[in-house]
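# Here's my sequence, what's the structure:
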Amino acid sequence: MRDAAAGGGKKVRVTTSPQAYPDTIVIGPEDAPEYLRRMDIDIADVRLAIEAGDIAAGNKTSHHPLTAAGMSRWLDTVGVLRGQLALGKWISTNPRNRPVSDHLELPYGLSTVGATEPTGIADHPSGPRAARRKGIGTAEAVGPTIPWITVQTLRRQAPAVDGAAPPAGNWFLLYHRAPDGVRAEISLPRGFAGGQFTGWVVRVILPEWRPADGAAARKPLDVGGQDVDFEVSEVAS
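As a prediction, the model looks like this:
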């Protein structure tokens with residue numbers, strides 16, 4: 001672990017990850033707000049979006065289609081996050097119908113993807129991946145509504161990770177609804193292959209979001225997994 005000075009003199013603790021790529025930079029929850037601030041992202045906006053997604057998913061019942069909870073979570077998380085970012089210097093774009101937020105002045109893009117169980121676990125040996133199909137029946141049923149995450153370029157410039165300025169590129173808000181709350185991170189992928197992330201340059205682990213006491217007993221139907229599949233592919237810009 002090492003300390004990296006921020007532009008305002010503050011320090012952020014930077015650790016390397018014991019994953020397949022040992023040079024993955026992991027920013028812990030205690031340092032996430034300061035690190036994301038350098039990208040002009042307010043962690044309060046992210047948490048507001050995560051909460052909106054959880055409320056939307058929780059409003060779905062067993063009478064809704066099987067994909068309703070997972071899809072509603074993604075839709076509302078995306079909508080609220082992009083709306084909050086647009087109050088600042090971010091703009092909402094839709095390349096190839098993919099909802100993205102792009103910063104007007106800084107070299108960052110941000111997309112949202114439901115992800116697997118390792119999401120938000122800093123020392124997990126594999127790290128997160130995009131949520132996958134649960135089976136051929138689900139795949140055939142939801143095929144027309146699967147969110148395709150196409151990335152025009154993996155990185156907007158070579159990411160010289162020095163621990164100070166977050167590297168330029170297309171970042172992702174990854175979330176996973178665990179039994180007690182939502183784990184999430186904002187991370188920069190190392191690459192893509194076969195419709196999936198292959199690793200991470202930087203992982204910014206967010207504090208776990210937990211529902212208020214009154215809502216804790218009502219668990220959304222997508223707890224522990226996703227009813228929505230996310231295919232990730234990279235295309236030339």
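
# Low-confidence stretches in the chain?
1-22, 132-163, 213-218, 221-237 (pLDDT under 70).

# if you set the cut-off to 90 instead, what comes out?
1-23, 57-62, 64-71, 95-98, 124-126, 130-165, 177-180, 190-198, 211-237 (pLDDT under 90).

# what about the longest strand in this structure?
For the chain, the strand with the greatest residue count under DSSP state E is strand 182-193.

# need the helices for this protein, in chain order.
Listed in chain order, the helices of the chain (DSSP state H) span 32-37, 43-58, 68-85, 136-142.

# then the shortest one to CSV, C-alphas only?
Meaning helix 32-37. Coordinates of each C-alpha in helix 32-37 appear next as CSV, following Å, rounded to 0.1, in the frame of the first residue of the first chain:
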residue,chain,number,x,y,z
ALA,A,32,-13.4,6.6,-2.7
PRO,A,33,-15.0,10.1,-2.2
GLU,A,34,-11.8,12.0,-2.6
TYR,A,35,-10.6,9.9,-5.6
LEU,A,36,-13.9,10.2,-7.4
ARG,A,37,-14.0,13.9,-6.8
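
# Okay, buried residues for that helix please.
A32, P33, Y35, L36, R37 (16 or more other C-beta atoms under 10 Å). Placement of C-beta: from N, CA and C, glycine included.

# which residues touch the residue nearest to R183 when sequence neighbours are not counted?
What sits nearest to R183 in space, not counting adjacent residues and going by C-beta to C-beta, 6 or more residues apart in numbering, is G120, at 2.9 Å. Counting by C-beta atoms under 8 Å, 6 or more residues apart in numbering, G120 touches P128, L174, H176, R183, A184, E185, I205, L206, E208.

# same thing with A115?
A115 neighbours (C-beta under 8 Å, 6+ apart): P128, R129, A130, A131, L174, Y175, H176, F230.

# Mind checking which of those residues are in strands?
Checked against DSSP E, the contacts of A115 include these in strands: L174, Y175, H176.

# Now the last one: closest residue in space that isn't a chain neighbour?
Leaving out its chain neighbours, the residue that sits closest to H176 by C-beta to C-beta, 6+ apart is T119, at 3.8 Å.

# Surely that neighbour is in contact with P128?
Yes: using C-beta atoms under 8 Å, T119 makes contact with P128 at a distance of 4.1 Å.

# Between these two, which contacts overlap?
By C-beta under 8 Å, 6+ apart, the residues touching both T119 and P128 are L174, H176, E185.

# roughly how far apart are the first one and T61?
In this view, L174 and T61 are 27 Å apart by C-beta to C-beta, to the nearest Å.
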